[in-house]
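no letters, just coordinates:
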């Protein structure tokens, strides 16, 4: 089983779009079984989002909002 972890730094890095593309490309290459993200922010006032079919919420999970960084 392959596990991939990443600290997103709340998407406060320089040139975030380029880094997101690199991250996506590496995920496709590595094909991990599980991806764990840290520092994934969202605003309290954003509308709720519908996570994809592979999303597994934790027990007592906070609802995923439309501006959630993991969705980007």
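Received, thanks. It should be emphasised that the depicted structure is a prediction, and the values quoted were computed from it without experimental measurement.

so who does the nearest residue to residue 38 once chain neighbours are set aside touch?
Closest residue in space to residue 38, ignoring its immediate chain neighbours: residue 7 at 4.4 Å, by C-beta to C-beta, 6 or more residues apart in numbering. In this view, the C-beta of every residue, glycine as well, is placed from N, C-alpha and C. Counting by C-beta atoms under 8 Å, 6 or more residues apart in numbering, residue 7 makes contact with 37-39.

ok, residue 7 to residue 69 distance?
Residue 7 sits 11 Å away from residue 69, going by C-beta to C-beta, to the nearest Å.

let me see the mean pLDDT of stretch 47-67.
Averaging pLDDT along stretch 47-67 yields 81.

quick one: end-to-end length of it, please.
Stretch 47-67 has an end-to-end distance of 8 Å (criterion: C-alpha to C-alpha, to the nearest Å).

repeat for stretch 33-43
OK, stretch 33-43 end separation, C-alpha to C-alpha: 28 Å.

and that stretch, what's buried?
For stretch 33-43, the neighbour count (16 or more other C-beta atoms under 10 Å) marks 40, 42 as buried.

now the residue nearest in space to the middle of the chain. Nearest residue, chain neighbours left out?
Centrality entry for the chain: nearest residue to the mean C-alpha point is residue 70, 2.3 Å, by C-alpha atoms, centre = their mean. Excluding the flanking residues, the one nearest residue 70 by C-beta to C-beta, 6+ apart is residue 40, at 4.6 Å.

returning to what we had before: can you give me phi and psi for the residue nearest to residue 38?
Reported as degrees, to the nearest 10, the phi and psi values for residue 7 are phi -90, psi 110.

and it, what's its pLDDT?
On the pLDDT scale, residue 7 gets 85.

distance of it from residue 66?
22 Å.

check residue 51 too.
The value you get for residue 51 to residue 66, if C-beta to C-beta is used, is 11 Å.

who touches both of residue 7 and residue 69?
Common contacts of residue 7 and residue 69 (C-beta under 8 Å, 6+ apart): residue 37.

what kind of secondary structure is residue 42 in?
At residue 42 the chain is in coil, as set by DSSP: H, G, I helix; E, B strand; the rest coil.

these two touch, right, the residue nearest to residue 70 and residue 5?
No - the criterion here is C-beta atoms under 8 Å, and residue 40 misses it with residue 5 at 11.8 Å.

all good on my end, thank you.
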